[in-house]
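K.L.:
Build the 3D model from these lines:
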Amino acid sequence: MREVEGTGMENKKTNILMITTDQQHWNTIQALGNEAIHTPNLDRLAAEGTAFDRAYVSNPVCSPSRSSIITGEYPSRHGCWNIGVELDENRSTFGHQLQKSGYATGLFGKAHFKPVLKEGSFEAPPHIHDREFWKKWDGPYYGFEQVAMLHGHADEDSSHGMHYGAWLAEQGIDPQQYFGPGGGYREGSWELPEEYHYTRWTADKTIDFLDKQDNIQPFMAWCSFQDPHNAFLCPEPWNSMYDPEQLPLFIEKEGEMLDKPMLHRYLSEDRMDEMDIEVTADPGHDTGGLQCLGHTNKKIGYERARKWLASYYGMISLIDYHIGRVLNKLDELGMADNTMVVFTSDHGDYAGNHGLWLKGPIHYDDILRVPFLVRWKNKVPAGKRTSSLISLVDLAPTFLELAGLEKTDTMQGVSQLHTMRHPDESSREWCLVENRAEPNFYVKTLIMDQYKLNYYLEREEGELYDLTEDPREFINLFDDPQYKDMKLKMLMRIIDIYGELEKPIPPRQSFA
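P.N.:
Take a look at the predicted model:
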C-alpha cells in the first residue's frame, strides 16, 4: 500500500469502489456461463472475488433503482417512483454518512436522480449544455463531494451535456458532428472516435480521483457507466466485434404469453392501444405510452433484433476494457488489497428474450436480476459463486457497516457484509421489487428461494413461477389450482414484509 511520504500514516478503513453499468443483463459475463461474450476484466473480478448469482433490483428503472442504491430505501419510501420524478436532495444517502465518518466520496458518470427531460431540471437541457457552468461546478451532489457527470445514451443530443460535454468542447469536438436530436437509433457504427467516447471518459475521471487519494483518508468512488442502455451503438472496433448470427438464441417460446397477464398479451399482439392505462409519459405508438416499456422482436424484426444484441455485447466489452484500466490503477497505487470492489448494474434488459426488448412492468428475471460481483482481497472468498439472495437496496447498509457505521433508521435494506464474507450464509430470505410504471399501474414482485410472484395491483392478475423447475419463466402457475396455497402464502408474505418495512415505529409515549 502506498504511504504518504514523511507521515508513515496509512488509511486503516476499507476503501469502496462501486462500478455500475446501466441496463446490463445478468447473463453477460463469460466466466459465469456466457461463452459468446468477451469480458476478461469482469472474469478477473469473478476469479478474485464472489459472484452473487441471485442479485435483484428494487425497481427495474434507472432513477428509482439508483435512488434505492444510495438511500437504502425502496421507491415507495424515497419517493422517486419512476424516471421523470426527482429524488429529494434532503434524503440521507450512504454518501452523506460516509463523509461524516471521514471518507472522500466521488461520483463519476451517470447520476439520473432528477428528470432529464423537464426544462428547468438540473439534469435536463438546456442546463446540461451550459458549458461554463459545468467547467466550474463539481459538487457536492446527493452525498458525493466530488462529481463529474453526464447523461444520455449513444448519439442522443443529451449525451454531450454536463461535465463530459464541457470536456468535449475543450477537445475541439463539434457535437453536431456526432450527436443530435435524431440520434439514438442510427444503423451501422458510431463515427465518434473511441478516445472521445463517454465510457473512456467515465473511467478516466474515476482514475483521476483514485490518483488523488493519499491512503490516509478512506474513499468511496462510484464509477457509473451509462451503457449498455439503448440505443445500442458504440464506436469501432467494438460495434462490429460480434457477428449477430453467432450469438445465443433468444429465450422465447411460441404461445408463451397465452397464460400471462393482459399487458404481456397485448404488447406481443400489438394491441397496446386497447389497454386501460392512464399514461403520464409521452403518448407513444407501439407501447401505448406506458412508461419505459420497450419493443418486441416481431415489431422491430428479427434481423434488427440480432444486430441490437451484437451492439449490446459490443458495448459491454467496451465497458469491460475500461473496467480493466480502473482495476489496474488500483494495483498501480497499491490500493487493491484495501479496497472493496463491487460491480453491478441498475437493472437488466430483456435483450430479446420472451420476444421483448429494453425494460418495463413485465417482470421477467431478465430485467430484475443483475450481475453482482464483489472483490475484497483476503476477506471475501475468491472464485466463489453463491445463490444467496441480495438486493441493490442492501448496498447502502453494507457500505456503512464496512465503514464501522450503523445504518440509518430510514434504511430498509440489510447489510450483506456477513454474506460477502460467508457466501453460503444468506442475510435475507426474499427480495422485493416495486414498479409503479404509472400512477394507476403498479406491479410488485416477491422472489424467494424457489418461487417468484408478480402481482398487478387492482387488476386481479399476476404470475407465479417455480424458478427451480421453470427458470425460463414460461409456465405461469398463478391460476393453477394446485398452487393456490403457494400463491396465498406469498401474497400474505408481502403483507408481512410491508409491516416490517414501515419501521422505524416511533415509541409510545404513554398509555393514551
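K.L.:
what's the spacing between stretch 308-315 and its chain's center?
P.N.:
17 Å (C-alpha atoms, centre = their mean, to the nearest Å).
K.L.:
Do me a favour and average the pLDDT over it.
P.N.:
For stretch 308-315, mean pLDDT rounds to 97.
K.L.:
Now tell me what touches that stretch from outside.
P.N.:
28, 36-37, 199, 227-228, 230, 232-234, 238-244, 247, 300, 349, 351-352, 357 (C-beta atoms under 8 Å, 6 or more residues apart in numbering). The way it works is simple: take the backbone N, C-alpha and C, and place the C-beta from them, glycine included.
K.L.:
redo that, cut-off 6 Å
P.N.:
Residues external to stretch 308-315 that are found in contact with it (C-beta atoms under 6 Å, 6 or more residues apart in numbering): 37, 227-228, 232-234, 238-239, 241-242, 244, 247, 352.
K.L.:
Just flag the most distant two among these.
P.N.:
Spatial extent of the contacts of stretch 308-315 (C-beta to C-beta) is set by the pair 238 and 352 at 19.3 Å.
K.L.:
List the contacts of the closest residue to residue 315 other than its chain neighbours.
P.N.:
Using C-beta to C-beta, 6 or more residues apart in numbering and skipping the chain neighbours, the partner closest in space to residue 315 is residue 228 (3.8 Å). Contacts for residue 228 (C-beta under 6 Å, 6+ apart) come out as 24, 312, 315, 316.
K.L.:
same thing with residue 82?
P.N.:
Counting by C-beta under 6 Å, 6+ apart, residue 82 makes contact with 61, 291.
K.L.:
Count the neighbours of the closest residue to residue 192 other than its chain neighbours for me.
P.N.:
Excluding the flanking residues, the one nearest residue 192 by C-beta to C-beta, 6+ apart is residue 178, at 4.4 Å. A count of nearby residues for residue 178, using other C-beta atoms under 10 Å, gives 20.
K.L.:
ok so, going back, looking at the contacts of residue 228, which are in helices?
P.N.:
In this view, the contacts of residue 228 that belong to helices under DSSP state H are 312, 315, 316.
K.L.:
Strands of the stretch 51-200 of the chain, residue ranges please.
P.N.:
Counting by DSSP state E, counting those that start in this stretch, the stretch 51-200 of the chain has strands at residues 55-56, 104-110, 146-150.
K.L.:
Which elements pack onto the last one?
P.N.:
When contacts are defined as 3 or more C-beta pairs under 6 Å, 6 or more residues apart in numbering; DSSP states H and E, strand 146-150 packs onto strand 104-110, helix 162-170.
K.L.:
Next, the angle from that strand to helix 162-170.
P.N.:
Using axes from the mean of the first three to the mean of the last three C-alpha atoms, to 10 degrees, the inter-axis angle of strand 146-150 relative to helix 162-170 is 70 degrees.
K.L.:
Direction included, what does strand 146-150 pair up with?
P.N.:
Strand 146-150 pairs in its sheet with strand 104-110 (parallel), by DSSP bridges.
K.L.:
Please report how far the residue nearest to the spatial centre of the chain lies from residue 199.
P.N.:
By C-alpha atoms, centre = their mean, the chain has its centre lying nearest to residue 346, at 0.6 Å. Using C-beta to C-beta, to the nearest Å, residue 346 is found at 16 Å from residue 199.
K.L.:
Read off the pLDDT value for residue 297.
P.N.:
In this prediction residue 297 is given a pLDDT of 94.
K.L.:
what about the strands in the stretch 351-500 of the chain?
P.N.:
With DSSP E, counting those that start in this stretch as the criterion, the stretch 351-500 of the chain has strands spanning 369-370, 372-375, 384-386, 390-391, 431-438, 441-447, 451-456, 461-466.
K.L.:
Mean neighbour count and mean pLDDT added to these, as a markdown table?
P.N.:
Rendered in a markdown table, the data for the strands of the stretch 351-500 of the chain read as follows (neighbours: other C-beta atoms under 10 Å; pLDDT from 0 to 100):
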| stretch | mean neighbour count | mean pLDDT |
| --- | --- | --- |
| strand 369-370 | 26 | 98 |
| strand 372-375 | 25 | 98 |
| strand 384-386 | 17 | 98 |
| strand 390-391 | 26 | 98 |
| strand 431-438 | 23 | 96 |
| strand 441-447 | 22 | 97 |
| strand 451-456 | 22 | 98 |
| strand 461-466 | 21 | 98 |
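K.L.:
quick one: low-confidence ranges for the stretch 251-400 of the chain?
P.N.:
Residue ranges of the stretch 251-400 of the chain with pLDDT under 70: 281-286.
K.L.:
ok, which stretches of it are helices?
P.N.:
Along the stretch 251-400 of the chain, the segments classed as helices by DSSP state H, counting those that start in this stretch run 262-268, 297-300, 302-332, 365-368, 395-402.
K.L.:
quick one, which of those is nearest to residue 476?
P.N.:
Evaluated with C-beta to C-beta, these place helix 262-268 nearest to residue 476, the distance being 9.1 Å.
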